[in-house]
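Participant: Okay, sequence plus prediction incoming.
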Amino acid sequence: MTRIDFYHLQSGSEEARLHFACRLAERAWRSQLRIYIHTGNAERTAALDKLLWTFREDSFLAHRVVAQDEAAGADDPVLLGFEAEPDGSRPVLIQLDPTPQGPVFFSRFKRTLEVINEAPEIKENARQRYLFYKDRGYPLEYHKI
């Protein structure tokens, strides 16, 4: 069963949320895990695409943006998208979609990492997803950052 971790940032900034997602992706990648980052929309995908190349001065996190119905390559350590439904061959989903329901495919992953912040809409929708997961018996962890 998918383990779900909520990372609650004390900032209301979307930029801080994206930076934290980069840090999570880098940590998973250093553990040799393949990652899919679901952004929820084209604007967030573009911002995160740029940030993954620049969030550290001394390094970058290699990744590829995938479009709907595009196959994921085995050599791609990090995939980033909002339209594509990943096949579940990756163990880690970083979930940035701010909608109340989130991605329907979250259970294809061993771990789903929800990155939330103090923005009212993101926080409220995360509460709804938390209750959804809890009602269905998913193991939940909460981390205040």
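Facilitator: Sure, I can see it. Residues are numbered from 1 along each chain as shown.
Participant: beta partners for the residue nearest the centre of the chain?
Facilitator: Taking CA atoms, centre = their mean as the criterion, Ile94 is the residue nearest the geometric centre of the chain, at 1.9 Å. Each beta-bridge partner of Ile94 is listed here: Ile37, Leu113, as defined by DSSP bridges.
Participant: you'd agree it is up against Thr39?
Facilitator: No - with contact defined as CB atoms under 8 Å, Ile94 does not count as touching Thr39 (9.1 Å). (C-beta placed from N, C-alpha, C; glycine too.)
Participant: For the residue in the chain sticking out farthest from the centre, report the pLDDT, please.
Facilitator: For the chain, the residue at maximal distance from the C-alpha centroid (CA atoms, centre = their mean) is Asp58, at 23.1 Å. At Asp58 the predicted local distance difference test score is 83.
Participant: what about it, distance to Glu26?
Facilitator: With distances defined as CB to CB, to the nearest Å, the gap from Asp58 to Glu26 amounts to 12 Å.
Participant: Asp87 and Arg108 touch, don't they?
Facilitator: Yes - Asp87 is in contact with Arg108 according to CB under 8 Å; the separation is 7.3 Å.
Participant: In terms of neighbours, single out the busier of the two.
Facilitator: Just comparing Asp87 and Arg108: by other CB atoms under 10 Å the higher neighbour count belongs to Arg108, 18 against 11.
Participant: how about the closest residue to the more buried one other than its chain neighbours, phi and psi?
Facilitator: What sits nearest to Arg108 in space, not counting adjacent residues and going by CB to CB, 6 or more residues apart in numbering, is Gly88, at 3.1 Å. Note on Gly88: backbone dihedrals following degrees, to the nearest 10 are phi 90, psi 10.
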